[in-house]
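Trainee: below is the sequence, then the predicted model.
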Amino acid sequence: MAPPLSLTIQVKDPDWADLPAALDDAAALGVEIAELPLHALDVIVGGRIQDRRLADVRRICAGRGLGYVLHGHLGINLMEDPFRVPLHLEVLRANIAAAAALECRNLVIHSGFVPTVQSAGIEAAFDRQREHLSRMGDVARDHGVTLCVENIFEFTGIKATALPGRLAKELRAIAHPNVMATFDISHGWLHCGQWGVDFLEEARALAPLSRHLHLHDSFGRPNDFWTYSVTEALAFGIGDLHLPMGWGSIPWDSLAEACTWPDDLVADVEVNHRYRSAFPEAIAASRAWAARLQLAPAPFALAAE
C-alpha cells in the first residue's frame with residue numbers, strides 16, 4: 001500500500017487569512033495530509049503557546065477532510081551552546097504541545113548544527129543533541145507525537161551538521177520509537193554534493209528510520225557563488241531550489257530501488273510555491289514514485305547494532 005501524500009502549506013498572513021484557501025487548495029489537489037508551518041503561524045510567543053490563537057488555527061483546520069502533520073520552528077537547535085539549550089527545549093516543548101492540539105502525528109524539527117570547530121566540539125554537540133532528543137522523545141510519546149528529525153545541509157558553508165548516514169547513526173543510538181527521521185531527499189543530495197560522498201549509501205542508512213519524507217528536487221550543487229535572484233539560481237541549478245520531482249538531477253529511480261522505508265511513512269511534497277502551476281505535475285510524480293517504495297515495519301530491533 002502506498003504511503004499517504006502530504007503537501008506543505010504556505011502561510012504569509014500573521015492572522016492566517018490565507019490559510020483556509022491554502023488548505024482547500026491542498027484538498028482539491030488530492031493529497032490526504034497537509035503539513036502545517038508552525039514556524040509561520042505566530043502561535044508561540046517566548047516559548048509559550050497563545051491558547052486563543054492556537055484554537056483559532058485548530059478551528060480553521062477542522063472539517064476539511066485532511067489529516068495534518070506539523071513543521072516546527074526551524075531555529076530549534078539541540079546542538080546549541082549549553083547555556084542556550086534550555087530556551088530551545090522550552091520552544092520544542094511548546095511545539096510538541098501544539099502538534100498534539102492540532103492532532104498532528106508527526107512534528108518535523110531540524111537536525112542540529114554548530115559552527116565549524118575542532119572535532120571535539122562537534123562531537124560534544126552531538127552528545128548534547130542525543131541526550132535531549134531522548135528526553136524529548138518521552139514528552140512526544142506522552143502527547144501522541146513522533147519527533148521527525150530532518151537532515152539539513154551546510155547552508156552557510158561554516159556550520160557542521162549531520163550527513164544522512166550520521167543522522168541515522170544518532171537516531172539508532174537514541175533508539176526511541178518517538179524520535180525518528182524526516183529524510184529531506186534534496187537536502188541529502190545537496191549535502192552529499194558538498195562533501196563528495198555516495199548519496200545512495202547515505203540514503204540507505206537513513207531511509208529505514210524515515211517516518212516522514214520531504215519530496216522536492218535540486219541539482220546537488222551548493223549555492224556557493226553569487227547570483228542575482230532566485231531565477232538566476234534556477235538557471236545555474238544551485239542551492240535548495242525546492243523544485244518539482246523530475247526537474248533536478250536526484251536519481252529518484254535508483255533511490256526507490258535501493259532503500260527500505262517504514263510502513264507508516266508520510267511523503268510530503270515540499271515544492272516552492274513559486275511553481276504553483278506545476279503542483280499537479282509534482283503531486284502526480286511524487287505519488288507514482290511513492291507507490292514504488294519498499295515498505296517494512298519501522299525498526300527499533302535494529303537500534304542495538
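Mentor: Received the coordinates, thanks.

Trainee: show me what contacts residue 82?
Mentor: By CB atoms under 8 Å, 6 or more residues apart in numbering, the contact set of residue 82 is residue 128. Where C-beta positions appear, they are placed from N, C-alpha and C, glycine not excepted.

Trainee: where does the closest residue to residue 14 other than its chain neighbours fall, phi/psi-wise?
Mentor: Nearest non-adjacent residue to residue 14, counting by CB to CB, 6 or more residues apart in numbering: residue 42, 5.0 Å away. Dihedral pair for residue 42: phi 50, psi 50, per degrees, to the nearest 10.

Trainee: what of the one 3 residues further on?
Mentor: Geometry field for residue 45 lists phi and psi as phi -130, psi 120, criterion degrees, to the nearest 10.

Trainee: tell me, how many residues neighbour it?
Mentor: Using other CB atoms under 10 Å, residue 45 has 10 other residues around it.

Trainee: okay, it: pLDDT?
Mentor: Looking at residue 45, its pLDDT reads 98.

Trainee: ok, residue 154 next?
Mentor: 88.

Trainee: likewise for the one 3 residues further on?
Mentor: Taken from the predicted model, the pLDDT recorded for residue 157 is 66.

Trainee: then the one 3 residues further on?
Mentor: With respect to pLDDT, residue 160 has a value of 90.

Trainee: show me the shaky parts of the stretch 51-200 of the chain.
Mentor: For the stretch 51-200 of the chain, applying pLDDT under 70 flags the ranges 157-158.

Trainee: please enumerate the strands of it.
Mentor: All strands of the stretch 51-200 of the chain, identified by DSSP state E, counting those that start in this stretch, fall at 67-71, 104-110, 113-115, 146-150, 159-161, 179-184.

Trainee: I'd like those strands as TSV, with distance to residue 3 and mean neighbour count appended.
Mentor: Listed next are those as TSV, based on distance: least, CB to CB, whole Å; neighbours: other CB atoms under 10 Å:
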stretch	distance to residue 3	mean neighbour count
strand 67-71	12	23
strand 104-110	12	26
strand 113-115	28	18
strand 146-150	13	26
strand 159-161	26	19
strand 179-184	12	28
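
Trainee: and those as CSV, adding distance to residue 34?
Mentor: Formatted as CSV, the strands of the stretch 51-200 of the chain follow (distance: least, CB to CB, whole Å):
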stretch, distance to residue 34
strand 67-71, 6
strand 104-110, 10
strand 113-115, 27
strand 146-150, 15
strand 159-161, 27
strand 179-184, 16
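
Trainee: just the buried residues of stretch 29-40, please?
Mentor: For stretch 29-40, the neighbour count (16 or more other CB atoms under 10 Å) marks 31-40 as buried.

Trainee: now the residue nearest to residue 259 when sequence neighbours are not counted: how far from residue 29?
Mentor: Of all residues not flanking residue 259 in the chain, residue 207 sits nearest, at 3.6 Å (CB to CB, 6+ apart). Separation of residue 207 from residue 29 (CB to CB, to the nearest Å) stands at 26 Å.

Trainee: cool, residue 236 as well?
Mentor: 30 Å.

Trainee: by contact count, what packs against the helix or strand harbouring residue 268?
Mentor: Counting by DSSP states H and E, the element that carries residue 268 is strand 266-269. Packing partners of strand 266-269 (3 or more CB pairs under 8 Å, 6 or more residues apart in numbering; DSSP states H and E): strand 5-8, strand 33-37, strand 210-215, helix 279-290.

Trainee: now do 7 Å
Mentor: Packed against strand 266-269 by the contact rule (3 or more CB pairs under 7 Å, 6 or more residues apart in numbering; DSSP states H and E) you find strand 5-8, strand 210-215, helix 279-290.

Trainee: out of those, nearest to residue 247?
Mentor: The minimum distance between residue 247 and those falls on helix 279-290, with 8.6 Å, by CB to CB.

Trainee: what's that closest one packed up against?
Mentor: Helix 279-290 packs on strand 5-8, strand 266-269, going by 3+ CB pairs under 7 Å, 6+ apart.

Trainee: make CSV out of those strands and add mean neighbour count, distance to residue 142 and mean pLDDT.
Mentor: Output for these, formatted as CSV (neighbours: other CB atoms under 10 Å; distance: least, CB to CB, whole Å; pLDDT from 0 to 100):
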stretch, mean neighbour count, distance to residue 142, mean pLDDT
strand 5-8, 25, 24, 98
strand 266-269, 26, 21, 98
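
Trainee: got these as TSV, with distance to residue 179 columns?
Mentor: Putting those into TSV (distance: least, CB to CB, whole Å) gives the following:
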stretch	distance to residue 179
strand 5-8	20
strand 266-269	16
